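S.K.: Dropping the sequence and predicted coords here.
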Amino acid sequence: MLPAAGAHTHDGSCAAGCDHDAAPALIPGPLALYIHIPWCVRKCPYCDFNSHQRPSELPVADYVAALVRDLEFDLPNVWGRTVHSVFFGGGTPSLFPAAAINDILAACSARLRFAPGAEVTLECNPGTAEFDRFEGYRAAGVNRLSFGVQSFDDGCLRALGRIHDSGEAERAVKLAQDAGLTNLNIDLMYALPEQTMAMALHDVERAVALQPAHLSHYHLTMEPNTVFAARPPQGLPDEDDAWAMQEACQQRIGDAGFAHYEISAYAKPGRQCQHNLAYWTYADYLGIGAGAHGKISFGFDGRVLRRWKKKNPREYLAALAPGAPDGAHVGGDEDVLLPARPFDYMLNRLRLHAPFALSDFEQATGVSRAAIVSELAQAEDRGWLQGNGEVYALTAQGRNFNNDLVSLFLKD
């Protein structure tokens with residue numbers, strides 16, 4: 001049930017004489033930090049992330065130094081702001097030794113103010129897991145791990161090109177827990193080659209038995225510019241079977257005490273991924289590392305800047321080597337203009353199942369609610385949103401037609 005709208009009418013106007021048509025002040029939200037480690041043991045055929053097969057010797061020291069210079073270049077955009085979450089993504093960040101992760105976090109915390117108890121997540125490949133390294137990660141300041149398990153079926157893992165087997169996946173999670181890291185996520189995929197309903201549910205059962213704090217459950221998709229897009233694997237479940245798998249797995253995950261709080265994310269109470277929540281609530285984040293993206297808002301002039309870094313690790317390292325011109329590592333900058341911000345906001349915010357307030361929309365975007373009155377009305381008419389003029393919530397139908405709902409806010 002949504003709260004009463006007070007003086008606001010159904011179309012979002014204000015009966016008390018407030019002027020919502022005036023451009024509201026943009027108020028930057030919490031700040032997050034994303035750190036990209038671009039190397040993997042080998043590239044998975046379904047992966048469209050900026051990942052590259054590792055060279056014979058990883059340039060760990062050079063890359064750590066490049067990350068620090070990258071951060072220093074971006075610092076003027078975030079003076080005085082506090083970092084609430086850090087996320088090491090990839091690639092496979094667990095290829096880097098704990099000492100390197102410690103050096104990165106020490107350099108970042110010396111240049112940025114970290115909130116007490118800030119969430120620090122490291123993505124891990126179960127095939128690169130070692131007990132001593134987990135202890136070292138924890139000592140460095142990592143307090144959350146995300147394991148790319150994908151499946152506990154060895155046949156499915158081979159079809160996905162993973163370097164681990166199901167036994168190694170279970171062992172890695174237990175080693176992390178023994179090292180004192182209990183805030184863990186397990187990534188699972190479904191609708192895999194030759195996968196049946198029983199196999200999909202078995203994956204969920206194996207994951208739940210390991211008692212993680214968080215589960216991510218994704219449909220395997222054929223992303224452009226991947227091996228699978230060019231040569232789709234045989235035996236993929238059809239749409240009806242995939243939908244049935246999704247519903248059955250959602251039910252089982254919910255029965256195990258996980259709240260379904262985002263399209264593909266489930267968490268035990270209080271264990272939602274704070275870093276991903278920053279993305280989904282349109283908060284700000286710095287992105288450092290090869291191919292990393294960032295988004296920074298400026299309250300004083302209402303500007304929203306997206307910046308990305310050069311994708312190729314060799315080019316990125318060369319652009320940040322001593323003597324390279326300042327900013328040579330930046331792949332591009334783009335101002336998110338006012339007409340584009342409603343779509344930009346909804347593309348992220350409507351991933352979450354929690355209701356959103358139009359006051360939050362205005363603060364995050366600097367756009368008046370009047371700019372989206374028509375779109376909100378269309379969404380209500382189609383049964384995708386339920387609102388009272390101030391607070392709006394996704395309906396079950398809205399979750400099922402999320403792409404169509406978000407597209408309502410896309411301007412020509």
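M.R.: It's in.
S.K.: what's the longest helix in the chain?
M.R.: The longest helix of the chain (DSSP state H) is helix 239-255.
S.K.: for it, packing partners?
M.R.: Applying 3 or more Cβ pairs under 8 Å, 6 or more residues apart in numbering; DSSP states H and E, we find helix 239-255 packed against strand 184-190, helix 197-209, strand 214-219, strand 259-262. The way it works is simple: take the backbone N, C-alpha and C, and place the C-beta from them, glycine included.
S.K.: got the buried residues for the second one?
M.R.: If I follow you right, that is helix 197-209. 199-201, 203-204, 206-208 (16 or more other Cβ atoms under 10 Å).
S.K.: Turn these into TSV, including pLDDT and distance to residue 72.
M.R.: Putting the buried residues of helix 197-209 into TSV (pLDDT from 0 to 100; distance: Cβ to Cβ, whole Å) gives the following:
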residue	pLDDT	distance to residue 72
199	98	49
200	98	46
201	98	49
203	98	43
204	98	44
206	98	44
207	98	40
208	98	43
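S.K.: rewinding a little: any chance of the helices and strands packed on helix 239-255 in JSON lines, plus distance to residue 324?
M.R.: Formatted as JSON lines, the helices and strands packed on helix 239-255 follow (distance: least, Cβ to Cβ, whole Å):
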{"stretch": "strand 184-190", "distance to residue 324": "36"}
{"stretch": "helix 197-209", "distance to residue 324": "44"}
{"stretch": "strand 214-219", "distance to residue 324": "37"}
{"stretch": "strand 259-262", "distance to residue 324": "39"}
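S.K.: returning to that earlier point: out of the buried residues of helix 197-209, which comes closest to residue 106?
M.R.: The closest of the buried residues of helix 197-209 to residue 106 turns out to be residue 207 (Cβ to Cβ; 33.3 Å).
S.K.: check contacts around the closest one.
M.R.: 149, 152, 186, 188, 215 (Cβ atoms under 8 Å, 6 or more residues apart in numbering).
S.K.: Please report how far it lies from residue 187.
M.R.: Distance of residue 207 to residue 187, computed by Cβ to Cβ, to the nearest Å: 9 Å.
S.K.: what sits in contact with each of these two?
M.R.: residue 149.
S.K.: just the angle between the longest helix of the chain and strand 184-190, please?
M.R.: 160 degrees (axes from the mean of the first three to the mean of the last three Cα atoms, to 10 degrees).
S.K.: Mind listing what's buried along helix 239-255?
M.R.: For helix 239-255, the neighbour count (16+ other Cβ under 10 Å) marks 241-242, 245-246, 248-249, 252-253 as buried.
S.K.: Quote the end-to-end distance of stretch 225-242.
M.R.: 23 Å (Cα to Cα, to the nearest Å).
S.K.: Stretch 88-107 too?
M.R.: For stretch 88-107, the end-to-end distance is 14 Å (Cα to Cα).
S.K.: thinking again about what came up before, I'd like a version of the buried residues of helix 197-209 in CSV, one that adds distance to residue 226 as further columns.
M.R.: Shown next, in CSV, are the buried residues of helix 197-209 (distance: Cβ to Cβ, whole Å):
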residue, distance to residue 226
199, 23
200, 22
201, 27
203, 22
204, 25
206, 26
207, 24
208, 29
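S.K.: out of those residues, who's nearest residue 219?
M.R.: Nearest member of the buried residues of helix 197-209 to residue 219, counting by Cβ to Cβ, is residue 200, at 10.7 Å.
S.K.: so how far is residue 321 from the closest one?
M.R.: 47 Å.
S.K.: on that earlier part again, contact partners of the longest helix of the chain?
M.R.: 190-191, 195, 197, 200-201, 204-205, 208, 215, 217, 219, 237, 260, 266.
S.K.: average pLDDT across that helix?
M.R.: Confidence for helix 239-255, expressed as mean pLDDT, is 97.
S.K.: do stretch 66-78 as well
M.R.: For stretch 66-78, the mean confidence score works out to 98.
S.K.: List the buried residues for that stretch?
M.R.: Quick answer for stretch 66-78 (16+ other Cβ under 10 Å): 66-71, 73-74, 78.
S.K.: Let me have those in TSV, extended by secondary structure and distance to residue 403.
M.R.: Converted to TSV, the buried residues of stretch 66-78 look like this (DSSP: H, G, I helix; E, B strand; the rest coil; distance: Cβ to Cβ, whole Å):
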residue	secondary structure	distance to residue 403
66	helix	37
67	helix	35
68	helix	39
69	helix	39
70	helix	34
71	helix	35
73	helix	36
74	helix	32
78	helix	32
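S.K.: wait, which of those is closest to residue 89?
M.R.: Nearest member of the buried residues of stretch 66-78 to residue 89, counting by Cβ to Cβ, is residue 67, at 13.0 Å.
S.K.: residues contacting that closest one?
M.R.: Counting by Cβ under 8 Å, 6+ apart, residue 67 has contacts 35, 104, 107, 288-289.
S.K.: again, only this time at 10 Å
M.R.: Residue 67 makes contact with 35-37, 100, 103-104, 107-108, 288-290, 292, 316, 320, according to Cβ atoms under 10 Å, 6 or more residues apart in numbering.
S.K.: mind checking which helix or strand the residue positioned nearest the centre of the chain is in?
M.R.: Compute the mean C-alpha point of the chain, and by Cα atoms, centre = their mean the closest residue is residue 276, 4.3 Å away. Following DSSP states H and E, one finds residue 276 within helix 274-280.
S.K.: Which strands or helices does that helix pack on?
M.R.: strand 31-37, strand 82-90, strand 113-124, strand 144-150, strand 259-262, strand 265-267, strand 284-288, helix 341-349 (3 or more Cβ pairs under 10 Å, 6 or more residues apart in numbering; DSSP states H and E).
S.K.: Buried residues, the longest one. List them.
M.R.: It refers to strand 113-124. Those buried within strand 113-124 under the rule 16+ other Cβ under 10 Å are 114, 118-124.
S.K.: shaky segments in the stretch 301-412 of the chain?
M.R.: Along the stretch 301-412 of the chain, segments meeting pLDDT under 70 are nowhere present.
S.K.: Brilliant, that's me finished.
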